[in-house]
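# The sequence and its predicted three-dimensional model are supplied below.
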Amino acid sequence: DNDRRYTDAILYRNGKPEHTEGYCTDVYFENAIDFISRKTDNNEPFFTYIATNAPHGPFHDVPETLRKDYENEPLEDLFVPKVNERRLRGEKDKLGRIAAMITNVDENVGRLFAFLERKNLIENTLVIFLTDNGPNTARYVGQFRGKKSDVLEGGIRTPLWLHWPSKLPAGAKRDTLAAHIDLMPTILDICEVDPPENVALDGRSLLPILLNAAAPWEERTLTIQTHRGTQPQRYHNFMTRDDRWKLVHPSGFGKQRFEGEPNFELYDLQNDPGETSDLASSEPDILDRLKEIYDIWFDDVSSTRPDNYAPPLIQAGTPHENPTVLTRQDWISEAWGPQANGHWNVDFRSEGEYDVLIRFYKETTADRVTLHVGESTYDMAVPPKSRSITFEAIGIMESTHRIFADVHEDKTVTSPYQIEILRK
C-alpha cells in the first residue's frame, strides 16, 4: 500500500497503521516535538529516539524543493574515484536526491533545537546525533577509504555529536575510541541509573571522558564483523582495532563465506588513517596480538545461547501483531537478488484459520503462485495485473512451519515482494 513512498506514507502508531501527511522525516520530528511538549507540560522527564529512514534508497521520493537546490552543484567532485561519463548523469542525480534527504534531516534538527530553545529546555537537554555507517557508494570520506558495508574506516567510522550546554563546553573534541555499544552505558550514567546486577553491558560510559579530557581511560579494542548469511564465518569481513593498530580482513560484505586462508591486513591508524600501507608482514607480533583478541571475541559471541546462530523465530497468530508481515530482509536464503527466493521459519502460536496474502512488487504478469506451509502446498491462479492475491482460511497447526511461495512467471520462478499472515 505504501508503494515505497516517503511522502504521505502509511506509518504505524503504537502498532496501528496510520495515513500521515507530509514527508516522513518531517512527520517523525513533528511527533517527537509533540511528545516532548506533552511530557514537559506535565513536568515529566522524557527520552526521545528519532531514527530516520532517510537518507536511504529508494531515491524516487525526496523533498523536491531541496533536490532542485542541488541540480547545478558540482556533485561530481564528491565521487571517489571519478564516475565515467556514461553513468555520471544518473549518479549525480542520485547524489542530489541523497543530499536533499540529508538537508531535510538537518532542517528538522534545527526545528528541534528551536523548539527546545522556546521551551527553555536547551541548557539541560542532552542531544546526541550520530549516523550508522559510511556512504552507500564510493564517494568523499575525507582522508579515509571505503563505503557502507566495508570494514575499512570509510565504511565504519562515523561522527558522534553531543550537545548539552549545562555540562559540555562548546567545540570540545575527543579522539577516544568509542562505539554504539557505549551509548546505553553513557545515558544510564548521566541519569544515575545502575543496570541490573545480572546484566553485563558490552560498552562503557563515555561520561568521564566527556566531562574531562584528562580523565583516566583504559585502552580498549573494538571488533566489527558484518556479512551476508545466516552464520558468521571466523575472520570473514571483520576488523579489530585499538587506539593505534587495526587488523582487518576486508573479504566482502555481500558474500556469505570466503574461500581459502584469510589475507590479513594491518594498519597503523595513527600514522596512516587512510589505510594505504599494509604492515602485516613487518609487524607480526602486533598482528598476532590483535588476532588473538579477535578470536576471544568470536568465541564469546558464538556461545551466548543454545543454537547460537539460529535466526529468531517470527511469530504469528498472537494478539500482539496481527497480521504478521514477512519481508525479504528476514528470509533465509543463499541470495537476495530480484530473482532469488527464500523461506521463513514462522512460529504459529495458535491453531486456527489463517489468510495468507501474497503481495507482488508491482502489477504482476505471473499466472500462478504456489504457497508452501510446512508439508502442505496450495496453488492459486493469478488474475492479470494483480498487486496481490490471498489464500483464504488455511488451517494451520500450532507449531513452527517453514513458509515460502513460488511465483510462476514466464517460465521462471521468482519470489513475492511480501507475505502477510492474518489470524482470522
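Received the coordinates, thanks. Numbers count the residues shown, from 1 in each chain.

# longest helix anywhere in this protein?
The longest helix of the chain (DSSP state H) is helix 85-118.

# packing partners for that one?
Secondary-structure packing of helix 85-118 (3 or more CB pairs under 8 Å, 6 or more residues apart in numbering; DSSP states H and E): helix 24-41, helix 64-69, strand 127-130. C-beta: built from backbone N, CA, C; applies to glycine.

# Buried residues in that helix, which are they?
91-92, 94-101, 103-105, 108-109, 112, 115-116 (16 or more other CB atoms under 10 Å).

# Tell me what angle that helix forms with helix 24-41.
Orientation of helix 85-118 against helix 24-41 (axes from the mean of the first three to the mean of the last three CA atoms, to 10 degrees) gives an angle of 10 degrees.

# low-scoring pLDDT stretches of this protein, where are they?
The model of the chain has pLDDT under 70 over residues 1.

# in the stretch 151-300 of the chain, which spans are strands?
Assigned by DSSP state E, counting those that start in this stretch, the stretch 151-300 of the chain shows strands spanning 160-163, 222-225, 238-241, 245-249, 265-268.

# Switch the ones you listed over to TSV; also include distance to residue 25 and mean neighbour count.
Listed next are the strands of the stretch 151-300 of the chain as TSV, based on distance: least, CB to CB, whole Å; neighbours: other CB atoms under 10 Å:
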stretch	distance to residue 25	mean neighbour count
strand 160-163	18	14
strand 222-225	27	18
strand 238-241	31	24
strand 245-249	34	23
strand 265-268	36	20
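
# and those strands as TSV, adding distance to residue 363?
Below are the strands of the stretch 151-300 of the chain laid out as TSV (distance: least, CB to CB, whole Å):
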stretch	distance to residue 363
strand 160-163	44
strand 222-225	41
strand 238-241	43
strand 245-249	44
strand 265-268	48
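
# Tell me which of the ones you listed sits nearest to residue 307.
Within the strands of the stretch 151-300 of the chain, the stretch nearest residue 307 is strand 222-225; the backing value is 19.4 Å (CB to CB).

# neighbouring contacts of the closest one?
Residues outside strand 222-225 that contact it (CB atoms under 8 Å, 6 or more residues apart in numbering) are 151, 156, 177, 179, 232, 236-241, 293-294, 297-298.

# Would you map the helices across the stretch 101-250 of the chain?
Ranges of helices within the stretch 101-250 of the chain are 153-156, 183-190, 207-211, based on DSSP state H, counting those that start in this stretch.

# List the buried residues in the second one.
It refers to helix 183-190. For helix 183-190, burial by neighbour count (16+ other CB under 10 Å) applies to 183, 185-187, 189.

# That one packs against which elements?
helix 207-211.

# give me every residue that touches the residue lying closest to residue 254 once chain neighbours are set aside.
Spatial nearest neighbour of residue 254, chain neighbours left out: residue 228 (5.8 Å); criterion: CB to CB, 6 or more residues apart in numbering. By CB under 8 Å, 6+ apart, the residues touching residue 228 are 253-256, 336.

# most centrally placed residue in the protein?
Compute the mean C-alpha point of the chain, and by CA atoms, centre = their mean the closest residue is residue 132, 7.0 Å away.

# Give me the distance between that residue and residue 12.
Distance, residue 132 to residue 12, by CB to CB, to the nearest Å: 21 Å.

# any chance of the contacts of residue 228 in CSV, plus neighbour count and distance to residue 206?
Formatted as CSV, the contacts of residue 228 follow (neighbours: other CB atoms under 10 Å; distance: CB to CB, whole Å):
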residue, neighbour count, distance to residue 206
253, 15, 28
254, 11, 33
255, 14, 34
256, 16, 35
336, 12, 36
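
# on that earlier part again, ok, so of the contacts of strand 222-225, who is nearest residue 279?
residue 241 (13.3 Å).

# For the closest one, list each beta-bridge partner.
residue 222, residue 246 (DSSP bridges).

# cool, residue 373 as well?
Beta-bridge partners of residue 373, as defined by DSSP bridges: residue 376, residue 403.

# who touches it in this structure?
By CB under 8 Å, 6+ apart, the neighbours of residue 373 are 356, 394, 396, 401, 403.

# Kindly report the same for residue 328.
Going by CB under 8 Å, 6+ apart, residue 328 touches 336, 342, 415, 417-418.

# Kindly write the PyMOL command that selects the buried subset of those.
Only the buried entries of these go into this PyMOL selection, using 16+ other CB under 10 Å:
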select buried, resi 415+417
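
# so, if you compare the contacts of residue 328, which one comes nearest to residue 52?
Among these, and counting by CB to CB, the member closest to residue 52 is residue 418, at 22.4 Å.

# What spatial separation is found between residue 189 and residue 48?
Applying CB to CB, the value for residue 189 to residue 48 is 19 Å.

# quick check: domain ranges of the chain?
According to automatic domain parsing, the chain comprises the domains 10-211, 222-301, 314-423.

# Mind checking these for the one nearest to residue 308?
The nearest among these, by CB to CB, is domain 222-301 at 8.3 Å.

# how far does stretch 71-91 sit from the chain's center?
Mean C-alpha position of stretch 71-91 versus that of the full chain (CA atoms, centre = their mean, to the nearest Å) differs by 26 Å.

# Which residues does that stretch contact?
The contact list for stretch 71-91, computed with CB under 8 Å, 6+ apart, reads 92, 95-96, 99, 137-141, 145.

# re earlier: could you double-check that the residue nearest to the centre of the chain lies in contact with residue 156?
No. Using CB atoms under 8 Å, residue 132 makes no contact with residue 156, being 9.8 Å away.

# Show me the helices in the stretch 301-424 of the chain, by range?
Under DSSP H, counting those that start in this stretch, the stretch 301-424 of the chain gives no helices.

# before we move on, the earlier item: which of the helices of the stretch 101-250 of the chain sits closest to residue 38?
Short answer: helix 183-190, nearest of these by CB to CB, at 21.2 Å.
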